[in-house]
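A.B. asks: A structural model of the following input is requested.
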Amino acid sequence: MKTFARRPGASGPASAASSEAPSLPDATVQRQVRHILRGQLLQATFARMVTQGHQVPAATIQRTPDLDDPTRFTQVHEALFVSTPSGGTLRPWVNPDPANGVAGTADEIRNQFIAALRAHIAANPLSVGGTVPTRTTESQAETTAIAVDQDIRSTFSQITTPLPEARIRDVVDIIQPSQTSDTQFLNQWLENRLSLMTDIDEFNIRSTDPRYEQMLADILADTWAGPNVRTLASRQAAFIETGARIFLHRGTPADLRRLILIHELTHFYTDQGFRDWVDATTAPRFYTEGFTEYLARMVMTPDERSTRTNYEPNIQAIRDKVATFVPDDDIARAYFLGEVWRLEATSAMARQLFETQVGMREGAPRSTEVAESQSSHGIVQTVEEGSRYRFMNLAINQTAPKPEHVAFFEEIRQRHLDGHPDVQIRFVGHADETGGARHNMDLSLRRAEAFYQMARDAGVADSQLLDAAAPPHRGEAEPTAENASIHGRALNRRVDLFLVRNTTAAPSP
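C.D. replies: Alright, predicted model coming up:
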């Protein structure tokens with residue numbers, strides 16, 4: 001029997017079969033179906049939904065990002081580690097009590113799933129009927145995967161170790177019937193669908209719980225649901241064995257094949273630290289797919305994104321709960337480099353990685369914090385490419401840029417300043433709240449002056465240095481993180497850089 005790796009989660013291990021699945025019909029089934037399914041089966045389900053007059057549920061409006069809110073890291077932590085994906089706390093799993101007329105949570109979830117499955121099949125009868133022609137061969141899958149991998153790596157400079165072409169060819173394969181009929185595969189297929197089609201992620205249960213396992217067995221034993229689950233699973237467009245193989249269905253059309261491989265190959269570049277971090281959230285499977293799809297869409301073309309409805313609740317959660325508070329570059333760094341402390345710094349894994357990757361130990365005494373602030377790595381951040389950057393974790397009571405800051409500025413200079421005399425730069429100094437306000441104001445001024453000098457030393461012309469004679473500085477007044485932690489204070493000891501174009505009288509930021 002083929003085995004599949006699993007990711008532990010609040011409502012059960014996330015399936016190794018990160019997968020593409022059928023889109024749901026119209027909003028009339030949304031009472032039974034919490035989440036729109038992630039993808040398509042092999043028939044053009046989405047196209048049929050449109051021609052039949054069904055509407056894909058619209059995503060909620062994305063909030064305007066606030067990348068300066070000092071409480072943003074706490075908000076991300078609470079959203080991912082305290083609340084369920086829909087908000088609130090995990091609900092208790094209720095056991096059946098027939099004597100008192102209590103059917104129990106398993107019966108509730110099973111009924112939700114069967115109702116959603118009936119609605120899907122009624123709207124898309126070919127999803128369990130007809131025949132599936134061959135549209136993807138192993139050679140085609142490999143060729144597409146190699147091209148997709150190049151697109152992923154050209155999009156994300158954070159990927160430091162590319163997959164060799166031979167490895168990509170070895171990774172991609174075609175699904176065999178023996179795989180989709182395997183009991184463990186069917187259970188994992190069901191786990192994914194329960195997460196997407198029911199309230200299961202709202203309950204405090206893991207899939208290793210015998211009650212959860214019995215619920216899966218009961219669904220597969222149902223005389224109507226069982227056969228339809230087996231048929232749908234056999235037509236799964238793709239699945240992934242975590243860190244091992246990507247399997248595509250032979251009936252996957254070329255356009256869907258490319259989108260599937262963008263999503264699934266992005267998974268292959270996930271840093272282990274990120275995996276460990278997301279496994280501790282309240283819904284690992286949900287957020288893993290959300291982060292992956294959020295980044296995968298950056299690789300897709302505008303036309304592909306405009307029609308992409310897969311993983312919509314997952315990606316909307318990432319937009320609302322994470323991207324509202326941190327830049328996209330930080331999301332990519334967390335995902336590909338394991339720098340999850342760029343997203344939040346309260347969880348044990350984030351604190352551990354902040355210590356190992358930056359060199360600052362949370363909870364250390366003040367004398368240790370002072371020493372580590374000098375020896376630790378400088379933190380750089382792209383707030384908005386071509387517009388705003390941050391140089392963080394300056395040493396306590398010190399002004400000099402660290403080597404990481406100098407190297408980062410050199411990259412910015414080459415991209416945006418060399419050969420662009422119309423582009424000017426403005427540095428703004430900041431401090432954490434330790435020490436007196438007057439001291440911090442003076443310290444932030446001297447930090448800004450030090451960075452203007454760094455720019456001069458790099459060969460930037462004086463005509464491109466805005467406000468160099470009287471550098472803007474804010475003291476402790478504009479924190480980017482809460483000062484209560486070593487992590488927050490490190491981010492607040494910073495200098496911000498603004499690029500200003502085509503202006504004769506640039507306003508202060």
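
A.B. asks: contacts, neighbours, all on C-alpha from now
C.D. replies: Noted.

A.B. asks: ok, the spatially most central residue of the chain to I318 distance?
C.D. replies: Centroid check for the chain by CA atoms, centre = their mean gives F291 as the closest residue, at 1.8 Å. Noted for F291: a distance of 7 Å to I318, by CA to CA, to the nearest Å.

A.B. asks: Determine the longest helix present in the chain.
C.D. replies: If each helix of the chain is counted by residues according to DSSP state H, the longest one is helix 437-457.

A.B. asks: Now the helix or strand following that helix: buried residues?
C.D. replies: Sequence-wise, the next helix or strand downstream of helix 437-457 (DSSP states H and E) is helix 486-492. Buried positions in helix 486-492, judged by neighbour count with 16 or more other CA atoms under 10 Å: I486, H487, G488, R489, A490, L491, N492.

A.B. asks: and the one helix or strand the residue nearest to the centre of the chain maps to, average pLDDT?
C.D. replies: F291 is located in helix 284-299, with elements delineated by DSSP H and E. Taken as a whole, helix 284-299 has a mean pLDDT of 95.

A.B. asks: With stretch 431-450 instead?
C.D. replies: On average, stretch 431-450 scores 97.

A.B. asks: likewise stretch 455-474?
C.D. replies: 97.

A.B. asks: how about that stretch as PDB, C-alpha atoms only?
C.D. replies: The C-alpha coordinates for stretch 455-474 follow below in PDB (Å, rounded to 0.1, in the frame of the first residue of the first chain):
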ATOM      1  CA  ALA A 455      24.300  56.800   0.400                       C
ATOM      2  CA  ARG A 456      27.000  59.300  -0.200                       C
ATOM      3  CA  ASP A 457      29.700  56.700   0.300                       C
ATOM      4  CA  ALA A 458      27.800  54.500  -2.200                       C
ATOM      5  CA  GLY A 459      28.100  57.300  -4.800                       C
ATOM      6  CA  VAL A 460      24.600  58.700  -4.700                       C
ATOM      7  CA  ALA A 461      24.700  62.400  -5.900                       C
ATOM      8  CA  ASP A 462      23.700  65.100  -3.500                       C
ATOM      9  CA  SER A 463      21.000  66.200  -5.900                       C
ATOM     10  CA  GLN A 464      19.300  62.900  -5.200                       C
ATOM     11  CA  LEU A 465      19.400  63.200  -1.400                       C
ATOM     12  CA  LEU A 466      16.200  64.900  -0.200                       C
ATOM     13  CA  ASP A 467      16.300  66.700   3.200                       C
ATOM     14  CA  ALA A 468      19.900  65.600   3.800                       C
ATOM     15  CA  ALA A 469      20.600  68.900   5.500                       C
ATOM     16  CA  ALA A 470      17.800  68.400   8.000                       C
ATOM     17  CA  PRO A 471      17.000  64.700   8.100                       C
ATOM     18  CA  PRO A 472      13.500  63.700   9.100                       C
ATOM     19  CA  HIS A 473      13.400  61.800  12.400                       C
ATOM     20  CA  ARG A 474      10.500  60.600  14.600                       C
END
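
A.B. asks: Does L186 touch T231 like I think?
C.D. replies: No: using CA atoms under 8 Å, L186 is not in contact with T231, being 10.3 Å away.

A.B. asks: So if I had to pick from those two, which one is more boxed in?
C.D. replies: Neighbours per residue, other CA atoms under 10 Å: of L186 and T231, the larger number sits with L186, 22 against 16.

A.B. asks: ok, that one to Q150 distance?
C.D. replies: Counting by CA to CA, the gap from L186 to Q150 is 33 Å.

A.B. asks: picking that back up, using JSON lines, please lay out the buried residues of helix 486-492 together with pLDDT and distance to P92.
C.D. replies: Output for these, formatted as JSON lines (pLDDT from 0 to 100; distance: CA to CA, whole Å):
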{"residue": "I486", "pLDDT": "97", "distance to P92": "36"}
{"residue": "H487", "pLDDT": "98", "distance to P92": "34"}
{"residue": "G488", "pLDDT": "97", "distance to P92": "35"}
{"residue": "R489", "pLDDT": "98", "distance to P92": "38"}
{"residue": "A490", "pLDDT": "98", "distance to P92": "39"}
{"residue": "L491", "pLDDT": "98", "distance to P92": "38"}
{"residue": "N492", "pLDDT": "98", "distance to P92": "40"}
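
A.B. asks: Output these as CSV; include the columns distance to V132.
C.D. replies: Converted to CSV, those look like this (distance: CA to CA, whole Å):
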residue, distance to V132
I486, 57
H487, 54
G488, 55
R489, 58
A490, 57
L491, 55
N492, 58
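
A.B. asks: Between those, which sits nearest S463?
C.D. replies: S463 lies nearest to N492 out of those, by CA to CA, at 28.8 Å.

A.B. asks: Pull the contacting residues for that closest one.
C.D. replies: By CA atoms under 8 Å, 6 or more residues apart in numbering, the residues touching N492 are M392, N393, H430, A431, D432, E476, P479, T480, A481, N483.

A.B. asks: so which of those residues is the most crowded?
C.D. replies: Neighbour max across the contacts of N492 (other CA under 10 Å) = A431, 34 neighbours.

A.B. asks: Could I get the full set of strands for this protein?
C.D. replies: 6-7, 14-15, 172-174, 238-241, 245-248, 379-384, 388-392, 423-429, 495-501 (DSSP state E).

A.B. asks: okay, these in a markdown table with distance to N192 next?
C.D. replies: Formatted as a markdown table, the strands of the chain follow (distance: least, CA to CA, whole Å):
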| stretch | distance to N192 |
| --- | --- |
| strand 6-7 | 12 |
| strand 14-15 | 7 |
| strand 172-174 | 20 |
| strand 238-241 | 11 |
| strand 245-248 | 16 |
| strand 379-384 | 34 |
| strand 388-392 | 39 |
| strand 423-429 | 48 |
| strand 495-501 | 43 |
